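[1] Sequence and computational prediction follow.
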Amino acid sequence: MSEYDLIAACAKGDVIAQRQLYDKYAGKMLGVCLRYAGTREVARDLLHDGFIKVFNKIKTYRGEGSFEGWMRKLFVNMALEYLRKKDALKRYEDYPASIPAADYSVFEKISADELVEKIAVLPAGYRAVFNLYAIEGYSHQEIAALLHISESASRSQYSRARGCLQRMIRGSS
């Protein structure tokens, strides 16, 4: 079954097609949820809720851009909504304000899985901004609008998140 046929079947409520879609994308979307949630348990809850949202909104997908990209956006927005409800984006943890100059070579020393583990322990606000900017490719202006913060707060949280990650990586080397 082509992706187009799979999407059409899901839009009609076909549970077999929904299961196939879930099986095809659950791993990737769990990765998205993990990056924002911080814990596997919360990420699994977000994954479940995200697929419910996908199946409820699949009729709105117009075929513009990739379906995976459309889904990813739904999952990211849902994860951000979860963080906003928990008021986690407004909490600023006491991390040092002075951040050393960017040393991107530090990030070359660890695997992607190790980096995801380190991102997961960042405070929720830092984690969200880091994911949106460094991984999802949003601009600081877009992040500010999504998170209801100022553009300078987005830049600051990204800088602090990057600095925290650098220190964590250096400490584990």
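    In hand now; what should we look at? A quick note: this is a predicted structure, and the numbers were derived from the prediction, not measured.

[2] Name the nearest residue to Gly31, ignoring sequence neighbours.
    Nearest residue to Gly31, sequence neighbours excluded (Cβ to Cβ, 6 or more residues apart in numbering): Val116, at 7.5 Å. Where you see a C-beta, it was placed from the backbone N, CA and C, and this is true even at glycine.

[3] For that neighbour, list the residues it contacts.
    Val116 is in contact with Gly31, Leu34, Arg35, counting by Cβ atoms under 8 Å, 6 or more residues apart in numbering.

[4] ok, the last one to Met71 distance?
    Arg35 sits 15 Å away from Met71, going by Cβ to Cβ, to the nearest Å.

[5] Now, the contacts of Val116 that are in helices?
    With helices taken from DSSP state H, the overlap with the contacts of Val116 comprises Gly31, Leu34, Arg35.

[6] Select from these the one having the most neighbours.
    Within the ones in helices among the contacts of Val116, neighbour counts (other Cβ atoms under 10 Å) peak at Arg35, which reaches 23 neighbours.

[7] In contact with Lys24, which residues?
    Lys24 neighbours (Cβ under 8 Å, 6+ apart): Leu6.

[8] So for the one helix or strand it maps to, what gets flagged as buried?
    Secondary structure assigned from DSSP states H and E places Lys24 in helix 15-37. For helix 15-37, burial by neighbour count (16 or more other Cβ atoms under 10 Å) applies to 17-18, 21-22, 25, 29-37.

[9] Check stretch 42-53 too.
    Buried residues in stretch 42-53 (16+ other Cβ under 10 Å): Val42, Ala43, Leu46, Leu47, Asp49, Gly50, Phe51, Lys53.

[10] any chance of the residues you listed in JSON lines, with pLDDT, secondary structure and distance to Arg127 too?
    What follows is those, written out as JSON lines (pLDDT from 0 to 100; DSSP: H, G, I helix; E, B strand; the rest coil; distance: Cβ to Cβ, whole Å):
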{"residue": "Val42", "pLDDT": "92", "secondary structure": "helix", "distance to Arg127": "12"}
{"residue": "Ala43", "pLDDT": "93", "secondary structure": "helix", "distance to Arg127": "12"}
{"residue": "Leu46", "pLDDT": "96", "secondary structure": "helix", "distance to Arg127": "13"}
{"residue": "Leu47", "pLDDT": "97", "secondary structure": "helix", "distance to Arg127": "17"}
{"residue": "Asp49", "pLDDT": "96", "secondary structure": "helix", "distance to Arg127": "19"}
{"residue": "Gly50", "pLDDT": "96", "secondary structure": "helix", "distance to Arg127": "17"}
{"residue": "Phe51", "pLDDT": "97", "secondary structure": "helix", "distance to Arg127": "22"}
{"residue": "Lys53", "pLDDT": "96", "secondary structure": "helix", "distance to Arg127": "21"}
